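S.K.: below is the sequence, then the predicted model.
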Protein chains: 2
Amino acid sequence: MNTEPSWDLFRTFAIVLREGSLSGAARVLGMTQPSVTRHIDALEAAVGGKLFVRSQRGLSPTDRGLALRTHAESLVATSAALLRAASGAEDVSGTVRVTASEVVGAEHLPPILADLRRAHPALAIELVLSNAVSDLLQRQADIAVRMVEPAQQALVARKVGAVTLGFHAHRDYLAARGVPTTANDLLTQDLIGVDTETPAVRAVMSRMPGLTREAFALRTDSDLAQLAAIKAGYGIGVCQVEIARRDPNLVRVTPDLFSFDLPLWVVMHEDLRGVARCRAVFDALAEGLGRVGGG
Amino acid sequence: MNTEPSWDLFRTFAIVLREGSLSGAARVLGMTQPSVTRHIDALEAAVGGKLFVRSQRGLSPTDRGLALRTHAESLVATSAALLRAASGAEDVSGTVRVTASEVVGAEHLPPILADLRRAHPALAIELVLSNAVSDLLQRQADIAVRMVEPAQQALVARKVGAVTLGFHAHRDYLAARGVPTTANDLLTQDLIGVDTETPAVRAVMSRMPGLTREAFALRTDSDLAQLAAIKAGYGIGVCQVEIARRDPNLVRVTPDLFSFDLPLWVVMHEDLRGVARCRAVFDALAEGLGRVGGG
DNA sequence: CGGTGTTCATCTATTTACGTATAGATGGCC
DNA sequence: GGCCATCTATACGTAAATAGATGAACACCG
């Protein structure tokens, strides 16, 4: 009861929770199913209560087991980050996890990362695209590209410019439907917008009177899908002017009515400043995104 | 190289880093020194580089070893939090870690926690007093009492009132030196203030013209030491009016010149809402601090 | 200058944990 | 309804990690 259980039990627990079965976890972990069973039994004995209900087609967590999920996932992320940080600190090789929004990751980062890869062939990049501002302190990533100023200490942050959001449409769509010039014009068009209203989205939408969720002819939370819909001539939607400028078929509409600037920040752990490969990725992102945002 | 090392190696590494010797770590971990040696050797082999330089009076970390410190500490904190969360979720027993500022922890919390302990004899409290806003997401504590509104999601937060800061002094001091009434009066008095200027402190000090670091006759970053100095009649310093009111010898001076309100927040992990003992501590803190702050 | 208490490194016996093999049980499918 | 796939539970031999004991190097101190 008093002696702390092996930390390997935590890892096994985390994987069992994710896989939903002892056998599946064993495959992932490179162990055998009896060993996984022993680990779970030992952990349950250590905490003094059942963590799973066993059935013949897998395990499902009890409430108590479910309560430990985020802890276990945090351990997985942190240990992975530790191993990343530990490998080859002096030369630019190994793996760096970068997180960014979907649009930035799909539109801005690829050429930057391609150059980086060419300069450092031993460098591997893991790119996590998510609009959720995943917390660097939870070690889910080494470097983040964000659209908001980071609040936490212990982070190295550099503002590398800004991107501008504006309404855009395909020239073919505009040729068929006419070019809107007023706010009322916009409301008669096929608008592409968001599905769920986050506080940030609501702040932007409040600038355009009459613009409600019902006004959208296509609602999706995927920014990439919105961009694709704009390029396909579905209607008028919001995207970065820097991206639209690259496609000669895209035209910005009502630039005077709607224009929204978002800052671009590159953020990294303070601890990783001494790790050459992280420093290299950080600098490359700052330099490359600085060109994009004209900062 | 390819297979992930045992997580126990991380734990051993963290303790060796903290203790500074293989033998010391072995004592803490309840293992033998050869086992600790083997763990460190295995971890160094896994990451492909030395983490410590050995000497006959202990181990000192290399740069690479130091770079992993925060990761290792995070793992220690998280695994401890996992074990805490795992033990006895249904009844109010076990351990809850609470973090608060020094003054709040020393002046406001003790009676609240004493009542709590009386109500739940099987409940143990770990109290971490620190002015550093330790991040709940890093699992260094289960519940935090803060003076700023928490920004993160995934947290249960309740504003339970506010405390007011004001200048105070001992009546004996004022009898000898006179009672200041103007800002200029204050500058001729023996003032008790901070040593290092944080942004928050600077914001407060900018409200009082002429009040610079040099004006302080006693400079300390310990709020408790400041309070003790005020009570000892050293001079005039800032403390919470709610605390000063309890001591009949303390008198508030120039209340019209300087008065600063700080909100009181009780913050907890979302995950811990289902854990009875955390819920009990949260509610007790919210109720008890609500009486203090009159919120 | 020599005793004492550290430290880490090395060797060996033992305990512990693991993998292999197998049985029992359930759900899907022809 | 019988067959196959998948899952968990159990028993047993083996491999690996651990504890214990010992030696050598260094610092502290009288």
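M.R.: Looks like it arrived, so ask away.

S.K.: tell me where the stretch 101-250 of chain A has helices.
M.R.: Secondary structure of the stretch 101-250 of chain A (DSSP state H, counting those that start in this stretch): helices at A:102-103, A:109-119, A:171-177, A:183-187, A:199-205, A:223-231, A:241-244.

S.K.: do the fifth one and chain B meet?
M.R.: No: under the criterion of C-beta under 8 Å from any C-beta of the partner chain, chain B is not reached by helix A:199-205; the shortest gap measures 11.0 Å. For the C-beta atoms, the positions are set from N, CA and C on the backbone; glycine is no exception.

S.K.: what about chain A, any weak spots by pLDDT?
M.R.: Residue ranges of chain A with pLDDT under 70: A:1-2, A:133-135, A:293-295.

S.K.: what sits closest to the residue nearest the centre of it if chain neighbours are left out?
M.R.: Among the residues of chain A, the one closest to the centroid is residue A:130, at 2.1 Å (C-alpha atoms, centre = their mean). Closest residue to residue A:130 apart from its sequence neighbours, by C-beta to C-beta, 6 or more residues apart in numbering or on different chains: residue A:99 at 6.3 Å.

S.K.: hang on, the one you found packs against residue A:144?
M.R.: Yes: counting by C-beta atoms under 8 Å, residue A:99 touches residue A:144, with 4.8 Å between them.

S.K.: list the contacts for whichever residue of the stretch 151-295 of chain A sits closest to DNA strand D?
M.R.: Going by C-beta to the nearest atom of the strand, DNA strand D is nearest to residue A:271 of the stretch 151-295 of chain A, at 27.2 Å. Under the criterion of C-beta atoms under 8 Å, 6 or more residues apart in numbering or on different chains, the neighbours of residue A:271 are A:85, A:154, B:67, B:69-71.

S.K.: flag every residue of the stretch 1-150 of chain A that's near DNA strand D.
M.R.: A:21-24, A:33-34, A:37, A:54-59 (C-beta under 7 Å from any atom of the strand).

S.K.: among those, name the ones in strands.
M.R.: Of these, the ones assigned to strands by DSSP state E are A:54-55, A:58-59.

S.K.: do you know how far residue A:189 is from residue A:247?
M.R.: 19 Å (C-beta to C-beta, to the nearest Å).

S.K.: looking at these two, which one has more neighbours?
M.R.: residue A:189 (20 against 15; other C-beta atoms under 10 Å in any protein chain shown).

S.K.: tally of neighbours for residue A:68?
M.R.: 25.

S.K.: and the strand or helix carrying residue A:280, how far out from the chain middle?
M.R.: Using DSSP states H and E, residue A:280 maps to helix A:276-293. On the basis of C-alpha atoms, centre = their mean, to the nearest Å, helix A:276-293 is displaced by 18 Å from the centre of the chain it belongs to.

S.K.: what comes up buried for that helix?
M.R.: By neighbour count with 16 or more other C-beta atoms under 10 Å in any protein chain shown, helix A:276-293 contains the buried residues A:276-282, A:284-286, A:288-290, A:292-293.

S.K.: got a list of what residue A:79 touches?
M.R.: A:11, B:7, B:10, B:71, B:75 are the contacts of residue A:79 under C-beta under 8 Å, 6+ apart.

S.K.: mind doing that once more with 7 Å?
M.R.: B:7, B:10, B:75 (C-beta atoms under 7 Å, 6 or more residues apart in numbering or on different chains).

S.K.: residue in the stretch 51-200 of chain A with the shortest distance to DNA strand D?
M.R.: residue A:54 (3.7 Å).

S.K.: ok, the residue of the stretch 51-200 of chain A found nearest DNA strand C to residue B:140 distance?
M.R.: Evaluated by C-beta to the nearest atom of the strand, the stretch 51-200 of chain A has residue A:56 as its residue closest to DNA strand C, separated by 3.9 Å. Residue A:56 sits 41 Å away from residue B:140, going by C-beta to C-beta.

S.K.: between these two, which one's more packed in?
M.R.: Neighbours per residue, other C-beta under 10 Å: of residue A:56 and residue B:140, the larger number sits with residue B:140, 21 against 4.

S.K.: get me the contact residues on chain A for chain B.
M.R.: A:3, A:6-8, A:10-11, A:30, A:47-48, A:63-64, A:67-68, A:70-72, A:74-75, A:78-79, A:81-83, A:85-87, A:89, A:135, A:137-139, A:151, A:271, A:274-275 (C-beta under 7 Å from any C-beta of the partner chain).

S.K.: run through the bridge partners of residue A:61.
M.R.: Counting by DSSP bridges, residue A:61 forms beta bridges with residue A:52.

S.K.: touching, it and residue A:49? I think so.
M.R.: No: Residue A:61 is beyond contact range of residue A:49, at 12.0 Å (criterion: C-beta atoms under 7 Å).

S.K.: now the common contact residues for those two.
M.R.: With C-beta under 7 Å, 6+ apart, residue A:61 and residue A:49 have no common neighbours.

S.K.: between these two, tell me which one has more neighbours.
M.R.: Shown here are residue A:61 and residue A:49; by other C-beta under 10 Å, residue A:61 has more neighbours (18 against 15).

S.K.: still on that earlier bit, what does the helix holding residue A:280 contact?
M.R.: Contacts for helix A:276-293 (C-beta under 7 Å, 6+ apart): A:89-94, A:96, A:98, A:108, A:112, A:116, A:120, A:123, A:142-143, A:145, A:158, A:160-163, A:242, A:264, A:266, A:268, A:272-273.

S.K.: and those residues, which of them are buried?
M.R.: A:89, A:92, A:94, A:96, A:98, A:108, A:112, A:116, A:120, A:123, A:142-143, A:145, A:158, A:160-163, A:242, A:264, A:266, A:268, A:272.

S.K.: and the longest strand seen in chain A, how far from the chain's centre?
M.R.: Among the elements of chain A assigned as strand by DSSP E, the one spanning the most residues is strand A:155-170. Offset of strand A:155-170 from its chain centre (C-alpha atoms, centre = their mean): 16 Å.

S.K.: isn't residue A:147 up against residue A:262?
M.R.: Yes: using C-beta under 7 Å, residue A:147 is in contact with residue A:262, at 4.5 Å.

S.K.: quick one: buried residues of stretch A:228-243?
M.R.: Buried-residue list, stretch A:228-243, by 16+ other C-beta under 10 Å: A:229-231, A:233-243.

S.K.: please read the previous query as pertaining to stretch A:177-186.
M.R.: For stretch A:177-186, by 16+ other C-beta under 10 Å, it's A:177, A:180, A:185-186.

S.K.: excluding residues flanking it in the chain, which one is nearest residue A:156?
M.R.: Using C-beta to C-beta, 6+ apart, the nearest residue to residue A:156 is residue A:268, at 4.7 Å.

S.K.: which residues are contacting the strand or helix carrying the one you found?
M.R.: Per DSSP H and E, residue A:268 falls inside strand A:260-269. Strand A:260-269 is contacted from outside by A:136, A:142-147, A:149-150, A:155-165, A:204, A:278, A:282, A:285-286, A:289, A:293, A:295, using C-beta under 7 Å, 6+ apart.

S.K.: buried ones in it, by neighbour count?
M.R.: For strand A:260-269, by 16+ other C-beta under 10 Å, it's A:262, A:264-269.

S.K.: likewise for stretch A:9-26?
M.R.: Those would be A:9-17, A:19, A:21-22, A:24-26, for stretch A:9-26 by 16+ other C-beta under 10 Å.

S.K.: residue A:195: which of those residues is nearest?
M.R.: residue A:17 (29.3 Å; C-beta to C-beta).

S.K.: surely that closest one and residue A:61 touch.
M.R.: Yes: using C-beta under 7 Å, residue A:17 makes contact with residue A:61 at a distance of 6.0 Å.

S.K.: can you list the domains in chain A?
M.R.: With domains defined by automatic domain parsing, chain A comprises A:7-67, A:163-262.

S.K.: so can I have CSV of the buried residues of stretch A:177-186 showing distance to DNA strand D?
M.R.: Output for those, formatted as CSV (distance: C-beta to the nearest atom of the strand, whole Å):
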residue, distance to DNA strand D
A:177, 53
A:180, 55
A:185, 57
A:186, 53
